[in-house]
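Participant: Sequence and predicted structure below; questions after.
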Amino acid sequence: MITRSEVHETNKMIEDSNLDVRTITMGINLMDCAHEDIDKFNEKVYQKITNCAKDLVKVGDELARQFGVPVVHKRISVTPIAIAAAGCKADSYVSIAHTLDKAAKAVGVNFIGGFSALVQKGCTKSDEILIRSIPQALQETDVVCASVNIGTSRNGLNMDAVKKMGEVIKQTAQLTKEQDCLGCAKLVVFCNAVEDNPFMAGAFHGVGEKDCVINVGVSGPGVVKKALEEVHNADFETLCETIKRTAFKITRVGQLIAQEAAKRLNVPFGIIDLSLAPTPLIGDSIAEIFQEMGLEEAGAPGTTAALAILNDNVKKGGVMASSYVGGLSGAFIPVSEDHGMIVAAEKGALTLEKLEAMTCVCSVGLDMIAVPGDTSAATISGIIADEAAIGMINNKTTAVRLIPVIGKKVGETVEFGGLLGYAPIMPVNTYHCERFINRGGRIPAPIHSFKN
Amino acid sequence: MKGIITVLGKDHVGIIGNICIYLAQSDVNILDISQTIVGGYLNMMMIVDLSTTQKSFTVLTDELEEVGKKSGVVIKIQHEDIFHSMHRI
């Protein structure tokens, strides 16, 4: 029998600590839409998405009411367009981005991911067309997210693509400068991208996946923080144990919602991604967890260790709670989406270099960081290369989502609004790296990739 | 299927009465009730059986919310599985 204290605990997590199911993301395969006429391809893509996802929002809302836990986002990821559209005889994929945007809006989801290319070893003609189309596609659409995977631990880094992506990020910023360069918030550069990630902007439906699948992302930094308040001065063993237990409970909710959603939509269940994803709300912050652990601000000495503890124990709790844990699972450290991180960055406690160190142990990478608008494309490529190298050597996913805010300098702030939050412009090391980036070619796979 | 009803708010005469009348009219059987009053605030939990009601979960949620508004308290109904999932292995 359920006890009153258990009911109370669950509802307190939801009401006071912002426990939520962050996203139900439907992954949809678009390979069967292939057609050499891009208009026909677009037509088939629109039909397939609107058909598969017609009940997604309705079911998400129903589940939220029935279990009393918010289901914040309903989203879609599709096969990387550079693969799905490879058969089209076209020299731009912007029209496909428009189709994705239209289909997403028709079914009522708030983001659609998969305007993507996987170029870790080299670019096909289709990959090149997609990458070229990204700036205009992000300018002209509202809910389409783009990502490019430029390296893996298995293949090394495609440095030609790293160079290109620095330029693409700058062009995207330029084209969307009227909206504070918002386009760049919808563009991620990955190393070791995962195929079943339900979180935006980096979600896409991998080629090894089923035709249609439900992936669920659960969150709850506030719940972890509240739980840690109970063990304020306890030792590390107790600290780790508390995070693990909390992560377990959060993931169980995700597992329930995922299974129910899959059943009601008659679509197979894919994975649960347990990621502590902050929002700009007070009490929904990773930086606050660091403070609760005993750091004055995020970025203080000890932050990397604190994040390592958090990330590892979230995973340990999560894997026991669900039969299929996947995606990115861990702790995200986006700057603009976490009010504690914003404060730390404003005070100068948190620097880009410290964030880079933290990405060695977090679940993703440099995320939602605003940098001065005059940062060169080569410098951005240099940052991408550093981040990708961390991912490649350490066998983990790393990502870069930088926003060079055109017309703004260090000390100013940029406001994206909503979940994307606001951010101070952070200083970037201004020493040049052009000659390094311009070398071209590939960085070979690391020694530990030879496992066979 | 079982539902968990929770009621939170300032205590006064008739809160549980109103809820029970509504549940009886909706063919919902009450399996368990427990309550505490701390500092004049009522905190109640009910386990109810939803197998006999003709009403959908969404309708029950909306109507119970209304009953709560009339009594000046917050009433929530949730599917029991969320608590089972979180607290039982």
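Facilitator: That came in fine, so what should we check first?
Participant: When you work out contacts or count neighbours from here on, use the C-alpha atoms and nothing else.
Facilitator: Fine.
Participant: I'd assumed A:T99 was in a helix, is it?
Facilitator: Yes: with DSSP: H, G, I helix; E, B strand; the rest coil as the criterion, A:T99 is located in a helix.
Participant: That one: how many residues sit nearby?
Facilitator: 21 (other C-alpha atoms under 10 Å in any protein chain shown).
Participant: Next SSE downstream of the host helix or strand of A:A287?
Facilitator: Element membership for A:A287, per DSSP states H and E: helix A:286-293. Using DSSP H and E, the helix or strand that follows helix A:286-293 in sequence is helix A:303-321.
Participant: quick one: contacts for A:F269?
Facilitator: Counting by C-alpha atoms under 8 Å, 6 or more residues apart in numbering or on different chains, A:F269 makes contact with A:V213, A:I214, A:N215, A:A258, A:Q259, A:A262.
Participant: Look up which residues are beta-bridged to it.
Facilitator: A:I214 (DSSP bridges).
Participant: Next one: it, what pLDDT does it get?
Facilitator: In this model, A:F269 is scored at 94, pLDDT.
Participant: Kindly report the same for the one 4 residues further on.
Facilitator: On pLDDT, A:D273 comes in at 91.
Participant: Put the alpha carbons of the helix or strand hosting it into CSV.
Facilitator: Under the criterion of DSSP H and E, A:D273 resides in strand A:269-276. Provided in CSV are the C-alpha atoms of strand A:269-276 (Å, rounded to 0.1, in the frame of the first residue of the first chain):
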residue,chain,number,x,y,z
PHE,A,269,10.0,2.5,-26.3
GLY,A,270,13.6,3.4,-27.0
ILE,A,271,15.5,4.8,-24.1
ILE,A,272,15.3,7.0,-21.0
ASP,A,273,17.8,9.8,-20.9
LEU,A,274,18.3,10.9,-17.3
SER,A,275,20.0,14.3,-17.7
LEU,A,276,20.0,17.0,-15.1
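Participant: Can you give the distance from the host helix or strand of A:K40 to the centre of its chain?
Facilitator: Using DSSP H and E, A:K40 sits in helix A:38-52. Helix A:38-52 sits 25 Å away from the centroid of its parent chain (C-alpha atoms, centre = their mean, to the nearest Å).
Participant: How many residues are close by B:C20?
Facilitator: B:C20: 15 surrounding residues under other C-alpha under 10 Å.
Participant: Where does the stretch 151-300 of chain A get nearest to chain B, which residue?
Facilitator: A:K249 (4.9 Å; C-alpha to the nearest C-alpha).
Participant: Might one say that that residue is in contact with B:H84?
Facilitator: No: look at A:K249 against B:H84 with C-alpha atoms under 8 Å: they stay out of range, at 10.4 Å.
Participant: Settle it for me: which of these two has more neighbours?
Facilitator: Taking other C-alpha under 10 Å, A:K249 and B:H84 do not tie; A:K249 has more neighbours (21 against 17).
Participant: if I've got this straight, that one is in a helix?
Facilitator: Yes: A:K249 forms part of a helix when assessed by three-state DSSP.
Participant: Contact partners for A:E209?
Facilitator: Neighbours of A:E209 in contact, by C-alpha under 8 Å, 6+ apart: A:N29, A:E195.
Participant: Roughly how far does it sit from A:V194?
Facilitator: According to C-alpha to C-alpha, to the nearest Å, A:E209 and A:V194 sit 11 Å apart.
Participant: Okay, strands next: where are they in chain B?
Facilitator: B:2-10, B:29-38, B:41-49, B:73-79 (DSSP state E).
Participant: Turn the ones you listed into TSV, columns for distance to chain A and mean neighbour count.
Facilitator: Rendered in TSV, the data for those read as follows (distance: least, C-alpha to the nearest C-alpha, whole Å; neighbours: other C-alpha atoms under 10 Å in any protein chain shown):
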stretch	distance to chain A	mean neighbour count
strand B:2-10	8	20
strand B:29-38	8	13
strand B:41-49	7	19
strand B:73-79	5	22
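Participant: For A:T25, find the nearest of those strands.
Facilitator: strand B:73-79 (22.5 Å; C-alpha to C-alpha).
Participant: thinking again about what came up before, who wins on neighbours among the contacts of A:F269?
Facilitator: Top of the contacts of A:F269 by neighbour number is A:N215, holding 33 neighbours under the definition other C-alpha under 10 Å.
Participant: re earlier: and the strand holding A:D273 with helix A:303-321, angle?
Facilitator: 150 degrees (axes from the mean of the first three to the mean of the last three C-alpha atoms, to 10 degrees).
Participant: check contacts around A:L100.
Facilitator: By C-alpha under 8 Å, 6+ apart, the neighbours of A:L100 are A:V45, A:Y46, A:I112, A:V144.
Participant: where does the residue lying closest to the last one once chain neighbours are set aside fall, helix, sheet strand or coil?
Facilitator: Taking C-alpha to C-alpha, 6 or more residues apart in numbering or on different chains as the measure, A:V144 lies nearest to A:I112, with 5.1 Å between them; neighbours along the chain are not counted. Per three-state DSSP, the local secondary structure of A:I112 is strand.
Participant: residues in contact with A:I112?
Facilitator: A:I112 neighbours (C-alpha under 8 Å, 6+ apart): A:R75, A:I76, A:S77, A:V78, A:L100, A:D101, A:A104, A:V143, A:V144, A:C145.
Participant: Which pair in these has the greatest spatial separation?
Facilitator: Every pair in the contacts of A:I112 was compared (C-alpha to C-alpha); the two farthest apart turn out to be A:V78 and A:V143, at 13.2 Å.
Participant: quick one: which of these two has more around it?
Facilitator: Using other C-alpha under 10 Å, the more surrounded residue of A:V78 and A:V143 is A:V78, with 27 against 22.
Participant: Please look at that one and A:I28 and confirm they touch.
Facilitator: Yes: at 4.8 Å, A:V78 counts as touching A:I28 under the criterion of C-alpha under 8 Å.
Participant: Mind giving me the packing neighbours of the following helix or strand past the helix holding A:K40?
Facilitator: Next in sequence after helix A:38-52, counting helices and strands by DSSP H and E, comes helix A:56-67. Judged by 3 or more C-alpha pairs under 8 Å, 6 or more residues apart in numbering or on different chains; DSSP states H and E, helix A:56-67 is in contact with strand A:71-78, helix A:236-265, helix B:57-71, strand B:73-79.
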